[in-house]
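>>> structure for this input, please:
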Amino acid sequence: MATVDLKEIRNVSYVSKDFDGIKSDIIEFTKQNFPNDFQDFNEASGGMAILEMLAYVGDLLTFYIDRQANETFINKAVEEKNIIGLSKTLGRQPRLATPAVTELSVSAIFNDSTSAAEAFTLNKGTRVVTSFEPSVSFMLVEDVDFSLTANRSVVTDGTVVTASISGISAVAGELRTFVYTAGAAQPFLKLTMPDKDITEVISITSSDSNEWTQTDFLAQDTIFFGEDNDTSTSGTTPKVLKMKRVPRRYIVEVESEGDTSITFGSGKLTLEDSEIVPNPEDFVLPTTVRGSASSFSPSTINAAQFLNTRSLGLAPANISLDIQYRYGGGINTNVGSNTLTYFRDINITYKTPNFRSISADVADNIERLLTVTNDVQATGGSERETLNEIRENASAYFAAQNRAVTLQDYQITTLSMPTAFGTVFRTFARKDPSNRLGVELLLISKNDNGQLTAPGGVLKNNVETFVKRFKSFSDSIKITDGKIIDIGVDFSIVPEPNINANEALLEAFFLLRREFDLSNSNFNDTIVLPDIISKIQSIDKIRSVAELKVRNITGTEDGRTYSNVTFKVEANTKSGIIRFPEDGLWQIKFLNFDLTGRTL
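Presented below is the predicted three-dimensional model:
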């Protein structure tokens, strides 16, 4: 009779995942399976050191496994590159530092008798800088044509004509050109730009005189564009909407640490798609029965070659690429009104041919006397999104499915506007009280000091234009400035005995600065005073909080200017909870003056 070898089965626990649990399992496993071989379980022994090292390795491995699993979910991931990648998977590009936008007024002086001959266009791209240092640079995003009388106001004083044009859109940032020489065709060529916080890739042109087009994704092979319409024969519409194919295309993506990358297609210029993708008719019947439809024997299908077709765009090959982009943004670009007063790199085209060479002195005089200013404050500049903001905005954007249906959809769509057109600090959507089918969007921005301010006209126009792409056809959109509620906080504390009172007061100040930080403010917000008091009292150096009072500040106080919005704190406080209106945001505008404390 044959003997059967019985395999010994070890009793192994797979439940424990921390150091202590794994260590206990190893000790128990050793006692059960090696009772005579290993008995050194003294905590100070070398044998126990070996067991603890095994437990350490097990704990480390389980940590890495959990970490890798968490990094696949955007709400649990902690590494920036993974959060950004997951956000793009959900369809939303994270927002880098955003430039401010504003409106400029430009004035030029002409000779009354020759003003028509002196007319010119101040071309877009001309730079304007601030009157203070470090200077902040803005660029014109549209041409300023002084030959069009409908756009300008004129004041005549004797033989001098002063023409002014206002409402000129400008955006913060610097222009730069990055040159890349491409060799042999490389599928999905990816270039990382040399500057951080790039706000817009303006154009890409190649040395073979072709222009490359930015698309939302590489599979998008057509775009809409406007062609000038002959209004003298076919109506008053200035542009004719047309569609064109764009085989030379690229996409722009946000990367970690503020980097921006540009990815091109995979198609090879030297090959036609028919050379890569076999003709299906060649495989319908054997060639011995009906012959080859294309007169050739069918080749072996290589699926890897399909990526070399032009369906995902062309790959640049043996050419030089000039990539022009704008970079620079952030909260410091929210400069005040009447601070953009200097031209730099003036770009002028005169209507009279060769005017500069014919009348050089006149041209120099016109450019020397050209003045500019911003009548309104620049708004919309912000820093790049935090990781928490990327998580929340990506989840909301995915839920919106690229359309605005609910009020929350309108809010996240507003925050997803491309950074080149500015951004708002907070937005709130509600039903328009004056229109049953309308949506009212409340907006608030920041100035260069990080304080709340009303958004400028350019920023509001950009938001309205952008949101209209996603709204329901029956909805109307009304853009409204949110209310800014300035508050002050006064408090008194009782320090613990034998504790330096100033140290206790300083720690209370630090805590309240965090609690009343502007990032914690939002529309329709509440401030829970008992929670804040309990946090102060949890400080070891503080025995109790004698008083914590919030007050509304309006108008002017000791030379400091505040919002004129009145908010009755006591009337809106119940059970220690202050409730702010849905259309208003609170802020402590001047922390060094409006947050005051004392010890008792």
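
>>> shaky segments in this structure?
For the chain, the stretches with pLDDT under 70 are 1-9, 112-115, 150-151, 226, 229-241, 269-310, 401.

>>> you'd agree Ser107 is up against Val161?
No. Using Cβ atoms under 8 Å, Ser107 is not in contact with Val161, being 10.7 Å away. For every residue, glycine as well, the C-beta is placed using N, CA and C.

>>> straight-line length of stretch 555-563, end to end?
6 Å (Cα to Cα, to the nearest Å).

>>> so how far is it off the chain centroid?
33 Å (Cα atoms, centre = their mean, to the nearest Å).

>>> check stretch 122-140 too.
Chain-centre distance of stretch 122-140: 22 Å, with Cα atoms, centre = their mean.

>>> so for that stretch, first residue to last residue, what's the gap.
Stretch 122-140 end-to-end distance (Cα to Cα) = 9 Å.

>>> in it, what counts as buried?
Neighbour-count burial for stretch 122-140, counted by 16 or more other Cβ atoms under 10 Å, picks out 122, 126-130, 136-140.

>>> do stretch 50-60 as well
51-52, 55, 58-59.

>>> for stretch 252-270, same thing?
Buried residues in stretch 252-270, counting neighbours by 16+ other Cβ under 10 Å, are found at 252-255, 259-260, 262-269.

>>> in helices, which of those residues appear?
Among the buried residues of stretch 252-270, no residue falls in helices (DSSP state H).

>>> of the residues you listed, which belong to strands?
Counted as lying in strands by DSSP state E, out of those, are 252-254, 260, 262-264.

>>> which of these sits closest to Asn462?
Val252 (18.6 Å; Cβ to Cβ).

>>> that closest one bridge partners, please.
Per DSSP bridges, the residues bridged to Val252 are Ile262.

>>> quick revisit: widest-spaced pair of the ones in strands among the buried residues of stretch 252-270?
Among these, Val254 and Phe264 lie farthest apart (Cβ to Cβ), at 17.1 Å.

>>> returning to what we had before: nearest to Glu582 among the ones in strands among the buried residues of stretch 252-270?
Nearest member of these to Glu582, counting by Cβ to Cβ, is Val254, at 32.1 Å.

>>> most centrally placed residue in the chain?
Geometric centre of the chain, nearest residue: Arg95, 1.8 Å, by Cα atoms, centre = their mean.

>>> dihedrals phi and psi, that residue?
When read as degrees, to the nearest 10, the backbone of Arg95 gives phi -100, psi 130.

>>> next, Thr62: secondary structure please.
helix (DSSP: H, G, I helix; E, B strand; the rest coil).

>>> who's in contact with the closest residue in space to it that isn't next to it in sequence?
In space, and not counting its chain neighbours, Thr62 is closest to Lys17: 4.4 Å by Cβ to Cβ, 6 or more residues apart in numbering. Contacts for Lys17 (Cβ atoms under 8 Å, 6 or more residues apart in numbering) come out as 59, 62, 66.

>>> what segments of the protein are helices?
Under DSSP H, the chain gives helices at 19-33, 46-70, 80-89, 273-276, 287-290, 355-358, 360-368, 387-400, 407-415, 457-467, 501-515, 529-537, 591-594.
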